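Asker: here is a sequence with its predicted model. Questions after.
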Amino acid sequence: MQAGVYRYPHMDQVVFGRPYADVVAEEATRLGATRAFVIASGTLNRTTDVVKTLVARLGNRHAGTWDRIAAHTPRTDCVDAANAARDARADLIVTVGGGSVTDAGKMVQLCLANDVTAPDQLDGYKRVTNATPPTRKALKAPVVRQVAVPTTLSAGEFNAGAGCTDTANKKKESYFHALHVPRVVVLDAAATVHTPLWLFLSSGIRAVDHAAEDICSPLCNAYAEASDIHALKLLSRGLRGVKADEADLKARLDCLLGMWLSVVGSQAGVDKGASHAIGHILGGTAGVPHGYTSCVMLPFVMRWNKPVNAERQAVISEALGRPGVDAGDALHELIASLGLPRSLREVGVGEDQFDLLAENTMHDRWTYTNPRKINGPGDVKEILRMAA
């Protein structure tokens with residue numbers, strides 16, 4: 001008989017279908033914040049009025065804006081942002097952008113609470129993931145919390161973990177405190193319209209990856225599975241709708257809601273598997289965008305795992321509207337319909353990189369929770385060769 005615990009995340013609320021600037025201003029007032037520090041995508045800040053609209057709506061509650069966060073959330077950028085937020089005497093962090101910006105907001109919370117002012121100070125707080133359980137120094141709880149407005153679908157806004165890349169060794173590392181999860185998430189389809197189509201769609205496959213690996217996890221429970229199944233339905237419909245018409249706000253909201261549902265399992269402690277583990281390394285080590293990592297790995301991880309969980313994979317196929325079809329094939333069909341890459345070669349990763357990628361993957365915690373046991377770098381290389 002299955003047993004488990006569901007612990008609700010330390011979030012106040014998710015607000016959807018309303019203008020983001022209005023909601024953020026209301027939340028700043030509700031939370032008593034007088035010095036909101038905005039961390040935003042550089043492209044959004046430079047080429048659109050998204051950040052300008054937010055800053056205007058915050059009025060005298062706006063304490064500063066930082067728009068220099070590179071892909072995969074480099075340590076150096078996070079510490080620089082934290083130092084600027086400290087100088088601005090920030091009492092609220094507002095993030096507007098994709099997963100790298102959201103994770104930067106979490107890292108800024110960590111730096112402010114733990115007096116981190118230089119990148120190498122983060123060494124003591126990262127998870128050491130080839131230890132059981134993962135180890136790190138105790139983190140002080142953040143006092144300055146976060147409100148997040150996502151513009152992509154990677155769903156980091158709904159969990160307390162942050163991925164941050166050590167640029168010295170090109171490894172993406174994990175940081176966690178239960179209070180790093182944003183207090184408020186604002187889902188506004190209109191805030192996503194400036195996101196490049198390839199990025200919006202591929203980050204949607206990242207959300208599909210969350211749901212699919214949840215369903216296949218031995219720790220999946222009824223609450224998570226119900227959310228994941230509906231997430232896959234909303235995402236497969238919504239992503240195809242946005243591909244057909246970029247201005248379809250209803251389809252975009254379907255995607256945002258599907259993204260939200262896709263991480264209920266993560267909030268419930270359901271582990272991910274090799275698609276996420278290898279994906280983290282493809283990002284930090286090889287510079288592959290978040291969403292593309294799922295596009296090129298998830299179908300092949302499904303095929304590699306199928307000998308141990310074919311019954312669970314059938315649930316995925318049915319949710320995608322392809323009952324009876326191999327889950328790897330159903331996922332390939334969806335990815336192909338969106339015009340996204342489906343092999344490592346298409347994202348610039350060659351076999352000469354496999355040894356390093358496989359070795360680094362053994363340091364990711366989700367390597368050890370894959371449904372089919374990964375015994376070492378050789379198994380990772382086998383999956384990489386399938387995806388080549």
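Answerer: Sure thing, it's come through.

Asker: strands along the stretch 201-350 of the chain, start to end?
Answerer: Counting by DSSP state E, counting those that start in this stretch, the stretch 201-350 of the chain has no strands at all.

Asker: how about the helices in it?
Answerer: For the stretch 201-350 of the chain, helices defined by DSSP state H, counting those that start in this stretch occupy the ranges 222-244, 249-262, 264-267, 274-286, 290-319, 327-337.

Asker: right, and the ones you listed - which one's nearest D77?
Answerer: Evaluated with Cβ to Cβ, the helices of the stretch 201-350 of the chain place helix 274-286 nearest to D77, the distance being 13.7 Å. The C-beta positions use only the backbone N, C-alpha and C, and glycine is treated the same way.

Asker: what is the orientation angle of the closest one with helix 327-337?
Answerer: 50 degrees (axes from the mean of the first three to the mean of the last three Cα atoms, to 10 degrees).

Asker: ok, and what's touching helix 274-286?
Answerer: 71-72, 163, 165, 170-173, 209, 212-213, 288-290, 293-294, 296-298, 301-302, 304-305, 347-349, 353, 356-357, 360-361, 364-367, 370, 374, 380, 383-384 (Cβ atoms under 8 Å, 6 or more residues apart in numbering).

Asker: any idea how far it is from the chain center?
Answerer: Centre-to-centre, helix 274-286 and its host chain are 12 Å apart (Cα atoms, centre = their mean, to the nearest Å).

Asker: picking that back up, buried subset of the contacts of helix 274-286?
Answerer: Using 16 or more other Cβ atoms under 10 Å as the burial test, the contacts of helix 274-286 include 71-72, 163, 165, 171-173, 209, 212-213, 288-290, 293-294, 296-298, 301-302, 304-305, 347, 349, 357, 360-361, 364-367, 370, 374, 380, 383-384 as buried.

Asker: look up how far S203 lies from V181.
Answerer: Noted for V181: a distance of 19 Å to S203, by Cβ to Cβ, to the nearest Å.

Asker: next one: G32
Answerer: The value you get for G32 to S203, if Cβ to Cβ is used, is 33 Å.

Asker: looking at the two, which one has more neighbours?
Answerer: Neighbours were tallied for G32 and for S203 using other Cβ atoms under 10 Å; the higher tally belongs to S203 (29 against 8).

Asker: which residues does that one contact?
Answerer: With the criterion set at Cβ under 8 Å, 6+ apart, S203 makes contact with G98, G99, T152, L153, S154, H290, G291.

Asker: mind pulling up the pLDDT for the last one?
Answerer: So that's G291. Per-residue pLDDT puts G291 at 89.

Asker: and it, how many residues sit next to it?
Answerer: For G291, using other Cβ under 10 Å, the count is 28.

Asker: worst-scoring helix or strand of this protein, pLDDT-wise?
Answerer: Counting by mean pLDDT, DSSP states H and E, the chain has its least confident helix or strand at strand 171-176, which shows a mean of 86.

Asker: so in that sheet, which strands flank it, and in what orientation?
Answerer: Here strand 171-176 is paired, per DSSP bridges, with strand 161-166 (antiparallel).

Asker: I'd assumed R57 was in a strand, is it?
Answerer: No: using DSSP: H, G, I helix; E, B strand; the rest coil, the assignment for R57 is helix, not a strand.

Asker: so it makes contact with D22?
Answerer: Yes: at 6.6 Å, R57 counts as touching D22 under the criterion of Cβ atoms under 8 Å.

Asker: what about these two, which has more around it?
Answerer: R57 (18 against 15).

Asker: so T361 makes contact with G376?
Answerer: No: at 10.1 Å, T361 does not count as touching G376 under the criterion of Cβ under 8 Å.

Asker: quick one: common contacting residues for these two?
Answerer: Common neighbours of T361 and G376 (Cβ under 8 Å, 6+ apart) do not exist.

Asker: pretty sure G378 sits against E359.
Answerer: No: using Cβ under 8 Å, G378 is not in contact with E359; the gap is 10.7 Å.

Asker: what's the pLDDT at the residue lying closest to Q313 once chain neighbours are set aside?
Answerer: Leaving aside its chain neighbours, Q313 sits nearest to A327 (3.8 Å; criterion: Cβ to Cβ, 6 or more residues apart in numbering). A327 is assigned a predicted lDDT (pLDDT) of 98.

Asker: same deal with K170?
Answerer: 78.

Asker: go on, I335?
Answerer: 98.

Asker: number of residues surrounding R303?
Answerer: Neighbours of R303 using other Cβ under 10 Å come to 19.

Asker: for S275, see how far away it is.
Answerer: 11 Å.

Asker: just R61 next, same as before
Answerer: R61 is 41 Å from S275, by Cβ to Cβ.

Asker: for those two, work out which one has more neighbours and name it.
Answerer: Set side by side, R61 and S275 show more neighbours around S275, with 30 against 18, by other Cβ under 10 Å.

Asker: who's in contact with the closest residue to F176 other than its chain neighbours?
Answerer: In this structure, F176 finds its nearest non-sequential neighbour in G161, 4.8 Å apart by Cβ to Cβ, 6+ apart. G161 makes contacts with K106, S174, Y175, F176, H180, as judged by Cβ under 8 Å, 6+ apart.

Asker: out of the residues you listed, which are buried?
Answerer: K106, S174, Y175, F176, H180.

Asker: great, nothing more from me.
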